[in-house]
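Colleague: curious how this folds, go ahead:
(2 chains)
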Amino acid sequence: MANEINRREFLKLTGLGGVGVVFASALPGMASAAAQDDFYFVQLSDTHWGFEGPPNPDAKGTLKKAVVSVNNLEYQPDFVVFTGDLTHTTDNPIERRKRMSEFKEIVSELKVKAVRFMPGEHDASLDNGKAFKEFFGAANYTFDHKGVHFIALDNVSDPRAMIGDEQLAWLAADLKQQKNDAPIVVLTHRPLFDLAPQWDWATRDGAKAVELLMPYKNVTVFYGHIHQEHHHMTGHIAHHAAKGLMFPLPAPGSQPNRTPLPWNPAEPYKGLGFRGIDAELKDADYKITEYPVVKKA
Amino acid sequence: MKPSAKGLCISATVAILAMASIVTYVAAQSAEPKEKVIKITAKRFDYTPGKLTLKKGEPVILEFTTLDVLMGFNLPDFQLRADIVPDKVTRVRFVPDKTGTFTFLCDIFCGTKHEEMNGTITVVD
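Modeller: Residues are numbered from 1 along each chain as shown, chains lettered A, B, ... in the order given. Presented below is the predicted three-dimensional model:
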């Protein structure tokens, strides 16, 4: 606990040298959680290991730099989660596994050993998650951490961008075990709402998941896919998209096509990064801190 | 003679009914002109043609085939979508009710350049 308080004071004192802090979401009705420990975790997303091209001349170095940056955080998180597109897609199943193996080796350098993985469509949609499961285990799962119930939802192993009835039934059964004021965090890859269907930034049956979550007062969703920070509410449920670690994408619907934003040599790694998420159970909110890939000198 | 007369009568009745059917068919054809069919071929990672121009209010049948894998057709602005299944013809009836240029896309992940697989439909008055 003292460690988390120190970290929070540290964040306030330093102002984090220009990185963004977002007051993420109010979690009303958290009295029952007041006695529990606060904690923080780190979300990395869309590392697209294996990608090559002008949008990132340092494609082979960016993930490694991000791992170093996480390791250099003043306080180490309780755990790290990767919210999908760990690797860039390939038709070749052997190459897919090679990329996953390399990715796994790189992130094994993280000091924090509690690391959770989720698939993105680039990892899982061409083989229904087969290779992903070989390397990283289940594509959907739950875990509990210091009073918060985490649910990892897989909306990519079905190439139609669907969660599917079977997984929705699994979600419903899991939620039935939770009190309606339980703090719940959903981790997923694609947005569960129609952010930009013209760009395939949606989950075809995401509304069914949101409907199942809606009776629960304290639900927050962290996801990836769109390679940029984005915040949206569906009713009382907050959805927070994370930056990617290979190339940034344009704002939803801001141009005809979702082509990567060009690399700017004057500002390398701009638009890329990862985030720390402080779960402040006493104050009933999550605080998001955005970190760049490389700390500015 | 009686059997032949009966046969003639039956033949005449069949002929009259057939003619009536043809007339009805033609009349139906006249009342509802055949909808324009637009064939669209999907393959990784494009649609051919990828740009269509349609008239507002004029119904068309979009007829899809895929040359390789399972594809999707999604026209979100009209909430119109379909699976394009290999070895099958997928027909989608579409009556554009608003003008503008609208993006359609493949919404079934199909590989490396899936994100680039889209097209546009321009609807004019």
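Colleague: how close does the one residue sitting closest to the centre of chain A sit to chain B?
Modeller: Ranked by distance to the mean C-alpha position of chain A (Cα atoms, centre = their mean), the top residue is A:Thr83 at 3.8 Å. Going from A:Thr83 to chain B by Cβ to the nearest Cβ, to the nearest Å gives 17 Å. All C-beta spots, glycine's among them, are computed from the backbone N, C-alpha and C.
Colleague: how many other residues sit next to the residue lying closest to A:Leu153 once chain neighbours are set aside?
Modeller: Spatial nearest neighbour of A:Leu153, excluding adjacent residues (Cβ to Cβ, 6 or more residues apart in numbering or on different chains): A:Thr188 at 4.3 Å. A count of neighbours around A:Thr188, defined by other Cβ atoms under 10 Å in any protein chain shown, yields 27.
Colleague: thinking again about what came up before, who's the residue nearest to the centre of chain A bridged to?
Modeller: Legend: beta-bridge partners of A:Thr83 under DSSP bridges are A:Met118.
Colleague: name the SS class of A:Lys111, please.
Modeller: Here A:Lys111 is recorded as coil under DSSP: H, G, I helix; E, B strand; the rest coil.
Colleague: give me the number of residues near the nearest residue to it once chain neighbours are set aside?
Modeller: Using Cβ to Cβ, 6+ apart and skipping the chain neighbours, the partner closest in space to A:Lys111 is A:Asn71 (4.8 Å). Neighbourhood size, A:Asn71 [other Cβ under 10 Å]: 12.
Colleague: for the residue nearest to A:Leu153, grab phi and psi.
Modeller: Backbone torsions for A:Thr188, taken as degrees, to the nearest 10, come to phi -150, psi 180.
Colleague: can you give me the helices in the chain?
Modeller: Just so you know, I chose chain A. Using DSSP state H, the helices of chain A run over A:2-14, A:62-71, A:93-107, A:121-124, A:130-136, A:165-176, A:206-213.
Colleague: looking at chain B here, not the other one
Modeller: Using DSSP H, helices in chain B cover B:2-31.
Colleague: not counting its neighbours along the chain, what's nearest the spatially most central residue of it?
Modeller: Central residue of chain B (Cα atoms, centre = their mean): B:Ile61, 2.4 Å from the mean position. The shortest distance from B:Ile61 to any non-neighbouring residue, by Cβ to Cβ, 6+ apart, is to B:Val37 (4.6 Å).
Colleague: residue contacts, that neighbour?
Modeller: B:60-61, B:63 (Cβ atoms under 8 Å, 6 or more residues apart in numbering or on different chains).
Colleague: just those residues: which are in strands?
Modeller: If you go by DSSP state E, these have B:60-61, B:63 in strands.
Colleague: Serialize those to CSV and add fields for pLDDT.
Modeller: Below are the ones in strands among the contacts of B:Val37 laid out as CSV (pLDDT from 0 to 100):
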residue, pLDDT
B:Val60, 97
B:Ile61, 97
B:Glu63, 97
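Colleague: pick the one among those residues closest to A:Glu134.
Modeller: Nearest to A:Glu134, judged by Cβ to Cβ, of the ones in strands among the contacts of B:Val37 is B:Glu63 at 40.1 Å.
Colleague: just give me the neighbour total for the residue lying closest to the closest one once chain neighbours are set aside.
Modeller: Ranked by Cβ to Cβ, 6+ apart and with sequence neighbours excluded, the top spatial neighbour of B:Glu63 is B:Lys39, at 4.9 Å. Neighbours of B:Lys39 under the rule other Cβ under 10 Å: 12.
Colleague: repeat that for B:Lys36.
Modeller: Using other Cβ under 10 Å: B:Lys36 sits among 12 other residues.
Colleague: now the one 5 residues further on
Modeller: Neighbour count of B:Thr41, defined by other Cβ under 10 Å: 14.
Colleague: mind checking how far it is from chain A?
Modeller: Distance from B:Thr41 to chain A, by Cβ to the nearest Cβ: 20 Å.
Colleague: can you redo the ones in strands among the contacts of B:Val37 as TSV with distance to A:His230?
Modeller: Converted to TSV, those look like this (distance: Cβ to Cβ, whole Å):
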residue	distance to A:His230
B:Val60	36
B:Ile61	38
B:Glu63	37
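Colleague: show the pLDDT at residue 10.
Modeller: Assuming you mean chain A. You'll see A:Phe10 listed with a pLDDT of 54.
Colleague: that's the other chain; I wanted chain B
Modeller: pLDDT at B:Ile10 comes out at 51.
Colleague: what's the answer for A:Glu280, then?
Modeller: 83.
Colleague: could you check how far the residue nearest to it when sequence neighbours are not counted is from A:Glu105?
Modeller: Leaving aside its chain neighbours, A:Glu280 sits nearest to A:Asp38 (5.2 Å; criterion: Cβ to Cβ, 6+ apart). Distance of A:Asp38 to A:Glu105, computed by Cβ to Cβ, to the nearest Å: 32 Å.
Colleague: the more surrounded of these two?
Modeller: A:Asp38 (21 against 9).
Colleague: for that one, give its distance to A:Asp285.
Modeller: Taken as Cβ to Cβ, the span from A:Asp38 to A:Asp285 is 10 Å.
Colleague: between those two, what contacts are shared?
Modeller: Common neighbours of A:Asp38 and A:Asp285 (Cβ under 8 Å, 6+ apart) do not exist.
Colleague: out of the helices and strands in chain A, which is least certain?
Modeller: strand A:21-26 (a mean of 47; mean pLDDT, DSSP states H and E).
Colleague: so which residue of the stretch 1-150 of chain A comes closest to chain B?
Modeller: Proximity of the stretch 1-150 of chain A to chain B (Cβ to the nearest Cβ) peaks at A:Ser125, 3.6 Å away.
Colleague: need the pLDDT of that residue.
Modeller: Value listed for A:Ser125 in the pLDDT field: 97.
Colleague: show me the contacts for it.
Modeller: Applying Cβ under 8 Å, 6+ apart, the residues near A:Ser125 are A:89, A:156-159, B:109.
Colleague: once you drop chain neighbours, what's closest to residue 104?
Modeller: No chain was given, so I picked chain A. A:Phe135 (6.0 Å).
Colleague: ah, I was thinking of chain B
Modeller: B:Leu75 (4.3 Å).
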